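**Q** With the input below, show me the fold.
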Amino acid sequence: MSGVVAGFTVIFVVIAVGYVVARTGVLGAHGEFVLGRTVFFVATPALLFDTLSTSDLSVVFSSTLAITAVSASAIGVLAFVVALLRRRPAPEATVAALSACYVNAANLGIPIAVFVLGDASFVAPLLLFQIMVLSPVALGILDVTTSPGRASALSIVAAPFTNPIVLAGLAGLALAVTGVTLPAPVAEPFALLGAVSVPGALLAFGMSLRGARVLQRGGGTPRSDVLLAAGLKTVALPVLTYVLARWVWGVEGDQLFAVVVIASLPTAQNVFVYASRYGRGVVLARDTGFVTTVLAIPLIAAVAALLA
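**A** Numbering: from 1, shown residues only. Below is the predicted model of the structure:
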């Protein structure tokens, strides 16, 4: 439990710093915009490249990958379809889907995996799935549906592969598959730039809270959308993950505990960064991220009490 508290304390402190930065105006009127684009175009691609290029594929390609992939995909598709049925535009439906299934596996998942699960490798399969499947699909939809004019078949297929995050993930995975190790002077700049991604995303998230009221009426996003996404993320995803792991894949013990804890992590700040980049569903991503982060503390504590 101390690991959970420690991990969330770090998150809230950095978010609070971002809020103070916005309140004081030290980064100017466009600070949040510039920081968000820096995280999206520079820091996050560097982090993904550095993480995947040195990953152990025997750990990544395991039953945990299958469980997390199926459960996250099912919840994401459900959220997307429900949003469309509620007559939400495709970009907002995409952000809703990400808010419901894209978990904070990097900046919160890794410390919790270390402190609570005792092994950071538990997070690797979910990181790979989110980087190589969820992100390309979601960013491709956002690219196509927010572009002016009618998208061609070629542009739809090519859209994910023009995105810096997807390209960096593919490049990192290629190095891991081929076993190529970059020289230190070449690899270290990626690690250095990647270190900006996590605090940068949290700072940008904190800056977005200035003047904002979570679940506020008339904020441009219905509160029911936020509550639906948060409910799917907080309740449906962990429950579905448990059912699949326990009764479909026959997982027990520490691995069962690990996959459910990982599914209980809150919505990633990456979703807010993506929404900000395209200017769609920003309030939905921000509010869902905040609500699920607050709820994740008692949720993970309850999972630990039941399964540990």
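**Q** From here on, just use CA atoms for contacts and neighbour counts.
**A** Will do.
**Q** Run through the helices of the stretch 51-200 of the chain in chain order.
**A** Secondary structure of the stretch 51-200 of the chain (DSSP state H, counting those that start in this stretch): helices at 57-60, 63-85, 90-101, 109-112, 124-129, 135-146, 153-158, 164-178, 184-194, 197-208.
**Q** Give me the angle between the last one and helix 184-194.
**A** Our comparison of helix 197-208 with helix 184-194, counting by axes from the mean of the first three to the mean of the last three C-alpha atoms, to 10 degrees, yields an angle of 20 degrees.
**Q** Quick one: name whatever helix or strand follows helix 197-208.
**A** helix 223-231 (DSSP states H and E).
**Q** so what's the closest residue to residue 236 other than its chain neighbours up against?
**A** Spatially, and ignoring its direct neighbours in sequence, residue 236 is nearest to residue 75 (7.5 Å; C-alpha to C-alpha, 6 or more residues apart in numbering). Residues near residue 75 by C-alpha atoms under 8 Å, 6 or more residues apart in numbering: 97, 100-101, 232-233, 236-237.
**Q** any idea which of the residues you listed is the one closest to residue 171?
**A** Checking the contacts of residue 75 against residue 171 with C-alpha to C-alpha, the nearest one is residue 101 at 24.5 Å.
**Q** measure the closest one to residue 82 for me?
**A** Distance of residue 101 to residue 82, computed by C-alpha to C-alpha, to the nearest Å: 14 Å.
**Q** pLDDT score for the residue lying closest to residue 175 once chain neighbours are set aside?
**A** In space, and not counting its chain neighbours, residue 175 is closest to residue 53: 5.2 Å by C-alpha to C-alpha, 6+ apart. With respect to pLDDT, residue 53 scores 85.
**Q** Likewise for residue 96?
**A** We have a pLDDT of 96 for residue 96.
**Q** Now do the same contact list for it.
**A** Applying C-alpha under 8 Å, 6+ apart to residue 96 gives the contacts 79-80, 83, 225, 229, 281, 284-285.
**Q** How much space separates it from residue 292?
**A** Residue 96 is 13 Å from residue 292, where distance means C-alpha to C-alpha.
**Q** Check residue 274 too.
**A** Going from residue 274 to residue 292 by C-alpha to C-alpha gives 17 Å.
**Q** Same question for residue 206.
**A** Residue 206 is 15 Å from residue 292, by C-alpha to C-alpha.
**Q** Residue 11 now?
**A** Per C-alpha to C-alpha, residue 11 is found 13 Å from residue 292.
**Q** who has more neighbours, these two?
**A** Taking neighbours as other C-alpha atoms under 10 Å, residue 11 and residue 292 compare with residue 292 leading, 26 against 17.
**Q** Does that one belong to a helix, a strand or coil?
**A** helix (DSSP: H, G, I helix; E, B strand; the rest coil).
**Q** which non-adjacent residue is nearest it?
**A** Nearest residue to residue 292, sequence neighbours excluded (C-alpha to C-alpha, 6+ apart): residue 266, at 4.8 Å.
**Q** quick one: contacts for the one you found?
**A** Residues near residue 266 by C-alpha under 8 Å, 6+ apart: 103-104, 233-234, 289, 292-293, 295-296.
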